[in-house]
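**Student:** Below is the sequence, then the predicted model.
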Amino acid sequence: MAKLSTHVLDTANGIPAHNMHIELYAMNDKGKTPITTTTTNTDGRTDTPLLANETMKQGIYEIRFFVSDYFQKMLEQPTILPFLDIVPIRFTIAEDDRNYHVPLLVSPWSYSTYRGS
């Protein structure tokens, strides 16, 4: 079963990013088409893959992680102007019969990602 998954880790607090809003889009010549909207669970993962089996298609995609909303909920006094807001990760699925994993390591000031398996 080919699938697209993600995992968000809050590196500032050393915990999985629970309840972070995520949106997935397919990119095309007219812009982007929404595919799914979800939130992370207590492990920082989504309960189901973002794409799987017949929805797993070659193409360019964008995952939007709502980082500012997540960190603002964790603060006793929210920041008026947080450094990071929405973090978009645009990537290509070249092989629709393979697993793609797009983890996000994030703090209020920086982020990192890579292609996992």
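**Tutor:** Nice, thanks for sending it over. Numbers count the residues shown, from 1 in each chain.
**Student:** chain center to the helix or strand of the chain with the lowest mean pLDDT, what's the gap?
**Tutor:** Ranking every helix and strand in the chain by mean pLDDT, DSSP states H and E puts helix 67-74 at the bottom, with a mean of 93. Helix 67-74 sits 14 Å away from the centroid of its parent chain (C-alpha atoms, centre = their mean, to the nearest Å).
**Student:** Which strands and helices lie in contact with it?
**Tutor:** strand 86-93 (3 or more C-beta pairs under 8 Å, 6 or more residues apart in numbering; DSSP states H and E). Any C-beta I mention is one placed from the backbone N, CA and C, and that applies to glycine too.
**Student:** quick one: secondary structure of the residue nearest to residue 107 when sequence neighbours are not counted?
**Tutor:** Once flanking residues are discounted, residue 107 sits nearest to residue 12: 3.9 Å by C-beta to C-beta, 6 or more residues apart in numbering. Following DSSP: H, G, I helix; E, B strand; the rest coil, the label given to residue 12 is coil.
**Student:** Run through the chain and note the low-pLDDT ranges.
**Tutor:** 78 (pLDDT under 70).
**Student:** now the residue in it sticking out farthest from the centre: how far from residue 55?
**Tutor:** When distances to the mean C-alpha position of the chain are computed (C-alpha atoms, centre = their mean), the maximum falls on residue 77, with 25.3 Å. For residue 77, the distance to residue 55 equals 41 Å [C-beta to C-beta, to the nearest Å].
**Student:** Equivalent analysis for residue 28, please.
**Tutor:** 15 Å.
**Student:** same question, residue 70
**Tutor:** Counting by C-beta to C-beta, the gap from residue 70 to residue 55 is 26 Å.
**Student:** repeat for residue 3
**Tutor:** Counting by C-beta to C-beta, the gap from residue 3 to residue 55 is 9 Å.
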